[in-house]
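K.L.:
here are the coordinates; sequence isn't available:
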């Protein structure tokens, strides 16, 4: 059967039943939870699932999977810990034990083995019979889906012919006999077919849409994500960010950051000088400043980090994109964008708002046209800011037009990339699939019936393509991720709520901590003199100007170098042309170069194009990255010399 139709049918069926690919994984999580309801944290669940089933699940994806189990009432979360509920405990008790599934499968295999040996005069073992059955199912899954459809009146199993496999005809006969005369063995056969389908979902083998690779996609990283990669957030934020970073490198994305995103990061870090007295080590607040304070960062440490931030980003293999945009006076192409983004992010300051709007418009500029396949989207802006993602999805027309957003949440991209390559360390046993999934995924066979209906219709119409599958998957998942942020939350943030939270925090902070906070505030207020503020501002201005000069100089040098390099082959071509004219004459020269032009035309027709402007752009970009890195290294050396002179 056409893999695309099979994939689309499965995705669409699960979607219509309120399920999707992610739902094929939560039973694995449920299965490893302690029956005595001992709570486990995320890291422990991640470790247990890997050890028991070989599934290496990133934290973002694992949170999504656990959320599905929580919605069903099977798990609850308390202070970062997860445990089974009574309902979850009963669900596990209702499952058929793996030992019973294995007994049924072995009983079936024994019967098939005896039948094959008798019909073909062989001496097959049980293991060999198992391999033969799985191979047969894999090759004939199309026909088997129709044969095992509960609503089907088909008595005879039709497989692809002609077949050279000596077992096929005999197995066809066995399946037909089992359907008519061996109901308990036929039930096991049905479970194996269902299990094979679910296994395909769980391990994503041979799924056309999942296997589609991203084509030369640039991922531009937001400041909040980069702070995690650079370990400036708390570890629980850094870990999932690094897991995604590994996936991005695995899928060979071109990792970039806009120069104005670096400026935004610097602006945030500079505020540490004014904000750091509000935080004390040991009291964790969801803020980058709280983590910096806990790690003992001084104002001087932050200054040094700011001075080297571009070099640190480049060392991670992330390219810096020069845009020339100044966030202080940036104006979006449409003024209405400001009012719309303010509805989603009412507390955002003007410069941060300019950053978000500039990022979206730059991604649009790079794409050139709207995209309907995420794998062909050319560029994406990766962020952990769900409010920005929601603004882009709802207000920029993507939901109505079914186009790929410029902004993609880190949680969504983690899920997509992991599902494309779920890192199955070992094959999940079929008995585990059947025991954990069959009754849940195909309860009352409603999903299976709908699955078969969609397959039949799509095979008849044959009107789908890769784009349909990709967008069905993408659109469902972006809405699922954005459900984590809802407008109802805004109404909950009232003055009474805030006062209540302050009171709770006050009770948690002991007298000694309060004393430290007051002492810290007094020290800060003494040190925060007008002279200190002027000194800080002078440092910021000087460093900003030096770095801007380096960037502008690097861009100019790269542009000149690219033009010079591109001119060389042109001059060589002209020289060769003149040489041929003088030596061979005009007619022979015309024939030779006419032949070359014909070859280029044929290659272009075949899709192999030579775009001199794109070539120059790539050359200029590569040269800029090298020159910029070198200039920044020289700046760092100069800064070190200045520090040494000051120290001495």
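P.N.:
Received, thanks. Values in this document were obtained by computation on a predicted structure and should not be read as measured data. Numbers count the residues shown, from 1 in each chain.
K.L.:
how far away is the closest residue to residue 125 other than its chain neighbours from residue 107?
P.N.:
Spatial nearest neighbour of residue 125, chain neighbours left out: residue 113 (7.6 Å); criterion: C-beta to C-beta, 6 or more residues apart in numbering. For the C-beta atoms, the positions are set from N, CA and C on the backbone; glycine is no exception. To residue 107, residue 113 is 11 Å away according to C-beta to C-beta, to the nearest Å.
K.L.:
looking at these two, which is more packed in?
P.N.:
Each of residue 113 and residue 107 has its neighbours counted (other C-beta atoms under 10 Å); residue 113 has more, 22 against 13.
K.L.:
verify the stated contact: that one with residue 129.
P.N.:
Yes. Applying C-beta atoms under 8 Å, one finds residue 113 in contact with residue 129, separated by 4.2 Å.
K.L.:
and residue 78, bridged to which residues?
P.N.:
Per DSSP bridges, the residues bridged to residue 78 are residue 81.
K.L.:
that one reaches residue 41, doesn't it?
P.N.:
No. Between residue 78 and residue 41 there is no contact under C-beta under 8 Å: 10.9 Å.
K.L.:
higher neighbour count, those two?
P.N.:
A count of neighbours by other C-beta under 10 Å puts residue 41 above the other of residue 78 and residue 41, at 13 against 8.
K.L.:
state the distance from the residue minimising distance to the centre of the chain to residue 482.
P.N.:
In the chain, the C-alpha nearest the mean C-alpha coordinate belongs to residue 413, at 2.0 Å (C-alpha atoms, centre = their mean). Taking C-beta to C-beta as the measure, residue 413 falls 13 Å from residue 482.
K.L.:
just residue 391 next, same as before
P.N.:
The value you get for residue 391 to residue 482, if C-beta to C-beta is used, is 10 Å.
K.L.:
and those two? Which one has more around it.
P.N.:
More neighbours surround residue 391 than the other of residue 391 and residue 482, with 23 against 18 (other C-beta under 10 Å).
K.L.:
so what's that one closest to, chain neighbours aside?
P.N.:
Spatial nearest neighbour of residue 391, chain neighbours left out: residue 344 (4.2 Å); criterion: C-beta to C-beta, 6+ apart.
K.L.:
before we move on, what about residue 215?
P.N.:
residue 376 (5.7 Å).
K.L.:
low pLDDT regions in the stretch 301-450 of the chain?
P.N.:
Scanning the stretch 301-450 of the chain for pLDDT under 70 picks out 421-428, 438-446.
K.L.:
cutoff 90 now
P.N.:
Applying pLDDT under 90 to the stretch 301-450 of the chain flags residues 301-304, 307-308, 324, 334-335, 347, 372-376, 399-402, 415-450.
K.L.:
quick check on residue 55: phi, psi?
P.N.:
phi -100, psi 120 (degrees, to the nearest 10).
K.L.:
for residue 75, same thing?
P.N.:
Per degrees, to the nearest 10, the backbone of residue 75 is at phi -140, psi 160.
K.L.:
that one touches residue 86, doesn't it?
P.N.:
No. Using C-beta under 8 Å as the test, residue 75 is too far from residue 86 to be in contact (11.3 Å).
K.L.:
name the helix or strand of the chain that has the lowest mean pLDDT.
P.N.:
helix 488-492 (a mean of 40; mean pLDDT, DSSP states H and E).
K.L.:
mind listing the strands for the protein?
P.N.:
Using DSSP state E, the strands of the chain run over residues 40-41, 75-78, 81-84, 218-221, 254-258, 319-321, 379-383, 407-409.
K.L.:
distance to residue 192 added to the ones you listed, as CSV?
P.N.:
Formatted as CSV, these follow (distance: least, C-beta to C-beta, whole Å):
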stretch, distance to residue 192
strand 40-41, 32
strand 75-78, 29
strand 81-84, 29
strand 218-221, 41
strand 254-258, 43
strand 319-321, 50
strand 379-383, 40
strand 407-409, 38
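K.L.:
deepest of those, which one?
P.N.:
strand 407-409 (a mean of 25; mean count of other C-beta atoms under 10 Å).
K.L.:
partner strands of that strand, with direction?
P.N.:
Neighbouring strands of strand 407-409 in its sheet, by DSSP bridges, are strand 379-383 (parallel).
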